[in-house]
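Visitor: no FASTA, just this:
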């Protein structure tokens, strides 16, 4: 029968001998704070918006901004508190980047082009059809504005929660690849109960999370991932009129006809659940993982994409 020695028990202690918190405990404590924040958000939704709010809402509904910005607030609060526990400044949660706006713009460009490829592949095969919207320009503009604000909140909350503090702590514990896989699995599972979710949809979201984790590790910054996430969701909803992870949008520039083969179009979940998304994401992972990083010119700077 195995005997638990002091050294073995020490592996389960909160802190190491040098006083630093073990990364496994750092992730667990952050997850508990995130669970508390999510529970508080759910309570606010129930009290002010109704129990079935997220089951019936559309992307771009102004009232949805209240819980979403509450989510950004508790994610930032949990990240700040978690950083304090391990004596990190907040910027160490992959938030410090003097060129954040450039990273975000790069990510937005990649997100826009990637999403358009994902949509145009089934359209070229005849599985997707679109027509210009007949709504008034002011109606479309208002919808795009509210959708954009919502997409900012979604991108910030999800990227900070999954690829900020947690990614860095997991990398300390299980290495670069283990951290990328772990956070991507978490990312996919968070979408399990979305409307019209399929096994391919969840697998694709995990693959997207893996690529986003690689971008954060490569650049040392969250902002390329935030820009990508924002532009992907916004163009999906406001340009093409596609549902975003099962959530239908409001008025858009183009109107989607009833989709064809769900394997290629993603059906009611949106193009994220289609095979073209798998192909585009695999290409992105391979290009980003294999492309040699340019060395930074100044000591202490992060590698450039």
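Guide: Looks like it arrived, so ask away. As the structure is a computational prediction, the values presented were derived from the model and not from experiment.

Visitor: My guess is residue 132 contacts residue 256. True?
Guide: No - between residue 132 and residue 256 there is no contact under CB atoms under 8 Å: 11.8 Å. Every residue, glycine included, has its C-beta placed from N, CA and C.

Visitor: contacting residues for residue 227?
Guide: The contact partners of residue 227, taken as CB atoms under 8 Å, 6 or more residues apart in numbering, are 103, 104, 105, 106, 107, 108, 109, 110, 111, 155.

Visitor: Where does the prediction get shaky in the stretch 151-300 of the chain?
Guide: 291-300 (pLDDT under 70).

Visitor: Give me the neighbour count for residue 244.
Guide: Neighbours of residue 244 under the rule other CB atoms under 10 Å: 26.

Visitor: Residue 219 versus that one, what's the distance?
Guide: Using CB to CB, to the nearest Å, residue 244 is found at 25 Å from residue 219.

Visitor: ok, back up a step: give me the buried entries from the contacts of residue 227.
Guide: 103, 104, 106, 107, 108, 110, 111, 155 (16 or more other CB atoms under 10 Å).

Visitor: can you tell me which of those residues are in strands?
Guide: Assigned to strands by DSSP state E, none of these qualify.

Visitor: Can you give me every residue that contacts residue 68?
Guide: If you count contacts by CB under 8 Å, 6+ apart, then residue 68 has 150, 153, 154, 157 around it.

Visitor: Now name the helix or strand holding it.
Guide: Assigned by DSSP states H and E, residue 68 falls within helix 65-85.

Visitor: quick revisit: redo the buried ones among the contacts of residue 227 as CSV? Include distance to residue 252.
Guide: As requested, the buried ones among the contacts of residue 227 are exported to CSV (distance: CB to CB, whole Å):
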residue, distance to residue 252
103, 27
104, 23
106, 25
107, 22
108, 18
110, 21
111, 17
155, 19
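
Visitor: What is the nearest of the contacts of residue 227 to residue 192?
Guide: Closest to residue 192 out of the contacts of residue 227 is residue 155 (20.0 Å), distances taken as CB to CB.

Visitor: Pretty sure that closest one sits against residue 222.
Guide: No - shown here, residue 155 and residue 222 do not form a contact pair, counting by CB under 8 Å, at 9.6 Å.

Visitor: which one among the buried ones among the contacts of residue 227 gets closest to residue 49?
Guide: Looking across the buried ones among the contacts of residue 227 and measuring by CB to CB, the closest to residue 49 is residue 155, at 21.5 Å.

Visitor: how close does that closest one sit to residue 163?
Guide: 11 Å.

Visitor: Same check on residue 241?
Guide: 29 Å.

Visitor: These two: which has the busier surroundings?
Guide: A direct count of neighbours by other CB under 10 Å for residue 241 and residue 163 places residue 163 higher, at 28 against 21.

Visitor: And for the spatially closest residue to that one that is not a sequence neighbour, the neighbour number?
Guide: Leaving aside its chain neighbours, residue 163 sits nearest to residue 216 (4.8 Å; criterion: CB to CB, 6 or more residues apart in numbering). Residue 216 has 25 neighbouring residues, counting by other CB under 10 Å.

Visitor: I'd guessed residue 216 sits against residue 97; true?
Guide: No - the criterion here is CB under 8 Å, and residue 216 misses it with residue 97 at 10.5 Å.

Visitor: hey, where'd the helices end up in the protein?
Guide: For the chain, applying DSSP state H gives helices covering 6-10, 23-44, 53-56, 65-85, 100-124, 137-163, 165-189, 199-219, 223-234, 262-265, 275-290.

Visitor: For residue 250, which of the ones you listed is the nearest?
Guide: For these, proximity to residue 250 was assessed by CB to CB; helix 137-163 is nearest, at 4.1 Å.

Visitor: And the closest one, what's buried?
Guide: Within helix 137-163, the residues scored as buried using 16+ other CB under 10 Å are 140, 142-144, 146-163.
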